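> starting from these lines, generate the structure:
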Amino acid sequence: MINLRHSLKTGTAHRLFLVIKTANFVELSEEEFAEFVKDIEEDPLFKKLTCPEDKLRRAVRYKRFPFTDLAPHFCEFDENIACGRGIEGLDSFFADNKKVIRLIKHLGEDRFKNLFLLDEESLSPDEIASRCGLTLDDVKEITGFLKRIDVYGEFESYAGRGADFKKRFSKVAAIGIREGGGFVIQFFSVKAARGKYLIDYAKIEKLKRENFFSDAEKRNLGKIIRNMELINSRKTMIYRIIEKITRKQNVYLKSGDTKDIIPFSQKELAESIDADCSMVCRAVVGRSVESPLGIEIPLIDFFPSRKDIVKLRISDILSEEKPYTDEAIRKELKERFNIVISRRSVASCRKEMSLPSSFERMKGKVNKFG
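Numbers count the residues shown, from 1 in each chain. Below is the predicted model:
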């Protein structure tokens, strides 16, 4: 009984440790995360797991999330690419890499995207060079160029919302419209667009028995697998949050009209994706997406409470500059938006928004026109 209790306590403590570590990992900035993934994917052991000489021994591969893609600008390398992007030095960065950009243009969009960006086949540099008619040095130059871009900031926040907005929010994806309807999530990060790692645990155990790994690699195997699982957790969390937003706020995303926003709590989202609410909160804070209309929207804005919605509707009504009393506003809310609240609640919301009463508004007009 004592051993069983000890085992249960140990298992619970381990799970709690993983939850805490994952929560902290979700809070990493996009730049810090890109650096972390870069370090993992440059590890020789990772390369051995994903791209061994014998393809039958591959134990890790990428799997893209459903209805996701790369943001279109990854295949738009031209003299205008940096214009308006809002990232200092990006124009000179491209100017210094004209040779690489010419190689990319020569490849064509499909080959460049499939072999270098999404890397779904996990080909070795030699295999890519052979398939594309490039030298091995050419392939290494393109790969290095893409790694620098990924850590450079993923072209994030180029929508021009102002310096303060860019400091507070990191744009992780654009929401596009698919042919035939529905949305596609277009990531600004190559690593995010590639999706998660599919780890074949059984094959790894088999390879260990076959002495495929050196003693040093065996000692590091557990750590690199745990790091890949952490990366998967973060990628999956952010993808599922954005995917749920596109389902819940689909009308607003298409129209851009705040009248179409509906109440949606982070708790409701957390329950729908079977995640801890605090984890969802950490993933939402500081991130934004670009709507199909090209508007950058903080993720937090997709989660208005019922009170937030009421305030938006009151603001819409008062924007008409009519002398609505609180009672008149209450009636308008019911007739136009099917929102039923008391006159006192209207007054409370109006005061929280620092909006004057009907008497004060009328008095202001009288003073204005004298």
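
> and the strands in the stretch 151-300 of the chain?
In the stretch 151-300 of the chain, the segments counted as strands under DSSP state E, counting those that start in this stretch are 170-177, 183-187, 196-199, 287-290, 296-298.

> tell me which strands and helices the longest one is in contact with?
Right, strand 170-177. The contact analysis (3 or more Cβ pairs under 8 Å, 6 or more residues apart in numbering; DSSP states H and E) places strand 170-177 against strand 183-187, helix 215-248, strand 287-290. The way it works is simple: take the backbone N, C-alpha and C, and place the C-beta from them, glycine included.

> tell me the most buried of these?
strand 287-290 (a mean of 23; mean count of other Cβ atoms under 10 Å).

> now it: mean pLDDT?
Here strand 287-290 scores 94 as its mean pLDDT.

> re the thing from before, TSV for the strands of the stretch 151-300 of the chain, including distance to Asn232?
Output for the strands of the stretch 151-300 of the chain, formatted as TSV (distance: least, Cβ to Cβ, whole Å):
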stretch	distance to Asn232
strand 170-177	16
strand 183-187	15
strand 196-199	4
strand 287-290	18
strand 296-298	25
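
> please name whichever of these is nearest to Asn97.
strand 183-187 (21.8 Å; Cβ to Cβ).

> shaky segments in this structure?
Within the chain, the segments meeting pLDDT under 70 span 1-20, 73-91, 93-94, 149-167, 359, 361-370.

> what residue spans form the domains of it?
2-71+155-302, 72-154, 306-369 (automatic domain parsing).

> what sits against the residue nearest the centre of the chain?
Residue closest to the average C-alpha location in the chain (Cα atoms, centre = their mean): Val172, at 3.9 Å. The contact partners of Val172, taken as Cβ atoms under 8 Å, 6 or more residues apart in numbering, are Glu30, Glu154, Glu156, Phe187, Phe188, Ser189, Ala192, Ile238, Ile242, Arg287, Ser288, Val289.

> list just the nearest of the residues you listed to Ile224.
Nearest to Ile224 among the contacts of Val172, with distances taken as Cβ to Cβ, is Ala192, at 19.8 Å.

> circling back to that earlier point, okay, the helices and strands packed on strand 170-177 in TSV with distance to Glu109 next?
Formatted as TSV, these follow (distance: least, Cβ to Cβ, whole Å):
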stretch	distance to Glu109
strand 183-187	14
helix 215-248	24
strand 287-290	21
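
> for Lys254, find the nearest of those.
Evaluated over these, closeness to Lys254 peaks at strand 183-187, with 9.0 Å, by Cβ to Cβ.

> what's the closest one in contact with?
With contacts defined as Cβ under 8 Å, 6+ apart, strand 183-187 is touched by 65, 67-72, 172-178, 193, 239, 242-243, 246, 250, 253, 292.

> buried subset of those residues?
Among the contacts of strand 183-187, the ones that count as buried by 16 or more other Cβ atoms under 10 Å are 65, 68-71, 172-176, 193, 239, 242-243, 246, 250, 253, 292.

> rewinding a little: can you say which of the helices and strands packed on strand 170-177 is nearest to Ser278?
It's helix 215-248; of the helices and strands packed on strand 170-177, that one is closest to Ser278 (Cβ to Cβ) at 11.9 Å.

> next, the angle from the closest one to strand 170-177.
Calculated by axes from the mean of the first three to the mean of the last three Cα atoms, to 10 degrees, helix 215-248 forms an angle of 50 degrees with strand 170-177.

> helix 215-248: how far from the chain's middle?
Distance of helix 215-248 from the chain centroid (Cα atoms, centre = their mean, to the nearest Å) equals 14 Å.

> let me know the angle separating that helix from strand 183-187.
140 degrees.

> look up the closest residue to Met228, ignoring the ones flanking it.
Using Cβ to Cβ, 6 or more residues apart in numbering and skipping residues adjacent in sequence, the residue nearest Met228 is Tyr197, 4.8 Å away.

> these two touch, right, that neighbour and Ala59?
No: Tyr197 is not in contact with Ala59 according to Cβ atoms under 8 Å; the separation is 9.9 Å.

> bridged to the closest residue to Asn232 other than its chain neighbours, which residues?
Setting aside the residues directly before and after it, Asn232 is nearest to Lys196 in space (Cβ to Cβ, 6+ apart), at 4.4 Å. Under the criterion DSSP bridges, Lys196 forms beta bridges with Lys63.

> would you mind measuring from Lys196 to Lys63?
With distances taken as Cβ to Cβ, to the nearest Å, Lys196 is found 6 Å from Lys63.

> looking at the two, which is more packed in?
Lys196 (19 against 12; other Cβ atoms under 10 Å).

> partner residues bridging the closest residue to Phe169 other than its chain neighbours?
In this structure, Phe169 finds its nearest non-sequential neighbour in Ser288, 4.2 Å apart by Cβ to Cβ, 6+ apart. For Ser288, the residues forming beta bridges with it (DSSP bridges) are Lys171, Pro298.

> which ones are touching Ser288?
Counting by Cβ under 8 Å, 6+ apart, Ser288 has contacts Ser157, Phe169, Ser170, Lys171, Val172, Glu296, Ile297, Pro298, Leu299.
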